[in-house]
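*Asks:* A structural model of the following input is requested.
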Amino acid sequence: MPRPLTVILSPEERAELAQARDHHAEAHVREKAAAILKIADGLSGREVALHRLLKHRRPDTVYEWVRRYQAEGLAGLSVRPGRGRKPAFSPSTQQR
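*Replies:* Presented below is the predicted three-dimensional model:
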């Protein structure tokens with residue numbers, strides 16, 4: 001059986017995540033910070049993913065958020081450039 005996901009936060013890390021959860025400009029960072037705080041409070045990653053967020057997430061997605069936070073801190077919760085579908089049209093290539 002896999003080992004349960006646990007997060008141990010220092011008071012400074014908890015305060016930083018709470019600030020991000022409540023006031024960050026990007027909604028996805030607020031959601032990820034909230035998920036990490038809930039796991040740190042003792043909830044399982046699976047329960048958080050399936051029942052404790054506004055939108056259901058795959059448990060593996062939430063686990064990846066935790067791994068990135070543990071490796072990179074709050075900066076690891078931002079979406080990295082180059083992600084997602086590339087545009088089919090770019091104004092810089094428009095012909096005149």
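
*Asks:* three-state assignment of the residue nearest in space to the middle of the chain?
*Replies:* By C-alpha atoms, centre = their mean, the chain has its centre lying nearest to K32, at 2.9 Å. Secondary structure state of K32, per DSSP: H, G, I helix; E, B strand; the rest coil, is helix.

*Asks:* would you mind measuring from it to K86?
*Replies:* Between K32 and K86 the computed distance is 24 Å (C-beta to C-beta, to the nearest Å). (Each C-beta comes from the backbone N, C-alpha and C, glycine too.)

*Asks:* skip the chain neighbours and tell me the closest residue to L77.
*Replies:* In space, L77 comes closest to K32 once its chain neighbours are excluded; the distance is 4.4 Å by C-beta to C-beta, 6 or more residues apart in numbering.

*Asks:* in contact with that neighbour: list those residues for me.
*Replies:* Going by C-beta atoms under 8 Å, 6 or more residues apart in numbering, K32 touches 65, 69, 77.

*Asks:* list buried residues within the residues you listed.
*Replies:* Among these, those buried by neighbour count (16 or more other C-beta atoms under 10 Å) are 65, 69, 77.

*Asks:* still on that earlier bit, could you measure from the residue nearest to L77 over to F89?
*Replies:* To F89, K32 is 31 Å away according to C-beta to C-beta.

*Asks:* shaky segments in this structure?
*Replies:* 1-2, 92-96 (pLDDT under 70).

*Asks:* now the helices for it?
*Replies:* In the chain, the helices defined using DSSP state H lie at 11-23, 27-40, 45-51, 59-72.

*Asks:* and those helices: which comes nearest P4?
*Replies:* Of all these, it is helix 45-51 that lies closest to P4, at 7.8 Å by C-beta to C-beta.
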